[in-house]
Every structure is written in C-alpha cells, then in structure tokens.
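Trainee: Have a look; sequence and predicted model below, questions after that.
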Amino acid sequence: MVTSMMILIELDGQVRYDRGRTSNTRNANTRYCNYRRLMNKIAKFYDNERGQPWTIRIIDTGDKYGREDCLTHEKEEPTVEFYDADHPFTIDAPSGTVLGQFVSRYYISTIADGKGGGLDLMGYEPKWKINALCMDNIRAYLEAFARENNWTWEEDGLFTTNFYRDGVLAC
C-alpha cells in the first residue's frame, strides 16, 4: 500500500492529492491529512506517467448516476466511475464537484482485485489508459474506503466475486 500519498483538502471542499512532494501551494485555506483518515466518494488522481488527471466517483446503493443523474444505483455492490478530468463536462449534483468527461464504470471489487497493473478504460482511445502506479493508488484508495465502510469481497473460484456489507453477503 502506498503510504506517501496525501490528500489536500481545500476549505472549499475540493480534494486534491500530493504524493509526498513539498508543495508551494500550501496556505491558510489548506490542510493536509493522510488518506486513511478521510474518505470521500469523489477522489482526484493524477497519472504522472501520462500527464492525465482522473476523477473517480464511488456510486453506492441509492446514489444517483448517469447523464443528469437520471438513474439510481439499485445493486448492493458499489461501482466506481472514471472521469477524464481534462474535460469539465459532468458535475456531481450533490457536491457541485466538477468530475470531467465520463469514461467508464466498474464494480468496486473488479477494480480493487485487479492484482496490480494499469487499466485500459477504452481500447480505441489511447488517452484513456491509466498506468500501473496511478492504478495502484486508486486501488489503495478504494480498499481504504471499503474498510471504512465495512465492505469486503472475495473471489469464489468460479471467476466471480462475492461482495459483503458488514460481513453479510450482499445479493
């Protein structure tokens, strides 16, 4: 697990990451904390190898999602949405956070159990690949978020994953 990743929390509610570097942007309106102490459903990451900013959003049961938040997530297992943060198309209605251009959505266990390596979100679009180091940071964040919410999952040996909330198998 990456322990040098830090979250920058602006008092305006924006969440930004600092991978342990000293930043010249620290001021009275900013506080730093270890990412294990504060978990948010929306997180921003930067793929240094590709020069690409990403936003992820965790969608849980009952959360709105989709174009103009017209859908409601009804499954027990949360999903993770990936947004290209270079393009400020989508705004999270409850928080007002600019997410970016929607790229893809996966179940949280699919991403967290990825066993390392990068992720190609859309094969025909070269820009929408996330390199291994950035994906490792995303997985670490998702695992910490899951622990905070008492979510777990396990592979059942049949190429599927069982998802649990508070130790109870979610159907």
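Mentor: Received, thanks.
Trainee: Residue 45 - that's part of a helix, no?
Mentor: No. Looking at residue 45 with DSSP: H, G, I helix; E, B strand; the rest coil, it is strand, so not inside a helix.
Trainee: In space, what's closest to it - neighbours in sequence excluded?
Mentor: residue 54 (4.7 Å; CB to CB, 6 or more residues apart in numbering). To be clear about C-beta, it is placed using only N, CA and C from the backbone, and glycine gets the same treatment.
Trainee: Tell me, how many residues neighbour residue 163?
Mentor: 20 (other CB atoms under 10 Å).
Trainee: Just confirm it contacts residue 153, I think it does.
Mentor: Yes. Checked against CB atoms under 8 Å, the pair residue 163 and residue 153 is within contact range at 4.8 Å.
Trainee: which neighbours do the two share?
Mentor: 77, 108-109 (CB atoms under 8 Å, 6 or more residues apart in numbering).
Trainee: Poorly predicted segments of this protein, please.
Mentor: 1-39, 114, 158-159, 171 (pLDDT under 70).
Trainee: middle-most residue in it, spatially?
Mentor: residue 56 (3.6 Å; CA atoms, centre = their mean).
Trainee: my guess is it meets residue 81, correct?
Mentor: Yes. Here residue 56 lies in contact with residue 81, judged by CB under 8 Å, at a distance of 6.6 Å.
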